[in-house]
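> Just need the structure, nothing else, for what follows:
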Amino acid sequence: MGLFILGVIPARFHSTRFPGKPLAIISGKPMIQHVYERALKASAINKLIVATDNERIKDVVEGFGGNVVMTDSTLPSGTDRVAEVARGIDADIILNIQGDEPLVHPDMLNALSKPFFKDSKIVMTTLVSSIKSQDELDDPDVVKVVVNNKEEAIYFSRFPIPYPGKMGHDKKITGYLKHIGLYGYRKDFLMLLTSLPPSSLEISERLEQLRVIENGFKIKTVKVEANTIGVDKPEDIKKVETFLKKNPLHY
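Okay, the predicted model is just below:
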C-alpha cells in the first residue's frame, strides 16, 4: 500500500533579521515561488500547500497558482504551522519544506521521503550534506550535525562539531556534515512532537530538531550531494542569484 505524502511550506512574514523574507525577489521571482515550483516537481509529493499567517504572502502564492492555507498568527514555529495544516488532511507522511531554501531540488524531497517506505519504525527524517569550505564550517547559520553508524542524528549545533581532532590536522575540511533544513514526519509523530514543550537544548541552540533528540526519539538522516544556500539574511540573496546564473538548469 502506498503512502500519501503532503508537502507543507511554512512561510512567515515577520523575521527579526529579514522581515518579508518569503517575498524577497530572487532572479525576478519571490523566494516562496522558487521553493513552491521546485517542490512541485518532486514525484513523491501528492499534495503541496504553503502555510502562512500573512495576507500578502497568501496573495502572492495564489497569484502564481499555488495552494495556500492561513494559519494561526500566534503559532511559535514553522513546525507548528505545518502541524496545523496537516491536522486537517488525511496524509501518512508530512514534509516540512522550509520557505527559505530557494535552491531545494526535487530529488532532495524524494530522498527525504524514501526511508519511510523502507522502515515502518522511522518516525522522522532529515537531510545532510558534506561541508566543503571553512566559511561554511565557521558560519553559525550553517547548522552542523553528527550521526551514528545507523545514520541517525546524534546532535545538531551552530558550532563546528565534532571537535577537529584528527580531522583538523591536515588542514582540510573533511568529515563534517551540514544540516539541510528539510524534514519528513509520520503524521502521528508530528502531532506528538508539536505537543511537547520546547527543550533546553532547543532553546540554547535555537534549533527545533533538538527537541526530538532530547525527548529520546530518532531522526534518520539521508546524505545528499546538493548545493543549497539557505536565506537567513538579505545578503544571502546575492549568493543564490550568483548560483542560479552559473547553474540555470538547477532543477
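
> For residue 49, give me its contacts.
Residue 49 makes contacts with 6-9, 67-69, 85, as judged by Cβ atoms under 8 Å, 6 or more residues apart in numbering. Every residue, glycine included, has its C-beta placed from N, CA and C.

> Correction: the previous question concerned residue 20.
Contacts for residue 20 (Cβ under 8 Å, 6+ apart) come out as 13, 56.

> Check the gap between it and residue 235 for me.
15 Å (Cβ to Cβ, to the nearest Å).

> Likewise for residue 112?
28 Å.

> Name the residue in the two with the higher neighbour count.
Legend: neighbour count by other Cβ atoms under 10 Å for residue 112 and residue 235, higher for residue 112 (29 against 9).

> Contact partners for that one?
Taking Cβ under 8 Å, 6+ apart as the contact definition, residue 112 lies against 44, 95, 125-127, 182-184, 222.

> Would you state the helices of the stretch 101-250 of the chain in chain order?
Ranges of helices in the stretch 101-250 of the chain, per DSSP state H, counting those that start in this stretch, are 106-118, 134-138, 165-169, 187-193, 200-205, 210-214, 236-246.

> So for residue 153, which of these sits nearest?
helix 210-214 (6.6 Å; Cβ to Cβ).

> Residue 215: neighbouring residues, count only.
So residue 215, with other Cβ under 10 Å, has 13 neighbours.

> So what does it have for phi and psi?
With angles defined as degrees, to the nearest 10, residue 215 sits at phi -100, psi 10.

> nearest residue to it other than its sequence neighbours?
residue 196 (5.9 Å; Cβ to Cβ, 6 or more residues apart in numbering).

> Would you check how far apart the one you found and residue 179 are?
20 Å.

> circling back: right, and out of the contacts of residue 49, which lies closest to residue 57?
Closest approach to residue 57 among these (Cβ to Cβ): residue 68, at 7.5 Å.

> so that closest one bridges to which residues?
residue 50 (DSSP bridges).

> what about it, neighbour count?
20.

> wait, it sits on residue 54?
No: the pair residue 68 / residue 54 is not scored as a contact, 10.1 Å apart, by Cβ atoms under 8 Å.

> Contacts only, for residue 141.
With Cβ under 8 Å, 6+ apart, residue 141 has these contacts: 158, 230, 232-233.

> Repeat that for residue 193.
Residue 193 makes contact with 79, 83, 124, 185, 211-212, 217 under the criterion Cβ under 8 Å, 6+ apart.

> which of the residues you listed tops the neighbour count?
Using other Cβ under 10 Å as the neighbour criterion, residue 185 leads the contacts of residue 193 with 27 neighbours.

> Where does pLDDT dip in this structure?
1, 16, 165-172, 227, 248-251 (pLDDT under 70).

> got the CA positions of stretch 206-214 in CSV?
The C-alpha atoms that make up stretch 206-214 are tabulated as CSV, following Å, rounded to 0.1, in the frame of the first residue of the first chain:
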residue,chain,number,x,y,z
ARG,A,206,17.8,27.8,18.7
LEU,A,207,17.3,24.6,16.8
GLU,A,208,13.8,22.9,16.9
GLN,A,209,15.1,19.5,15.9
LEU,A,210,16.9,19.1,19.2
ARG,A,211,13.5,18.7,20.9
VAL,A,212,13.3,15.3,19.1
ILE,A,213,16.6,14.0,20.4
GLU,A,214,16.3,15.5,23.9
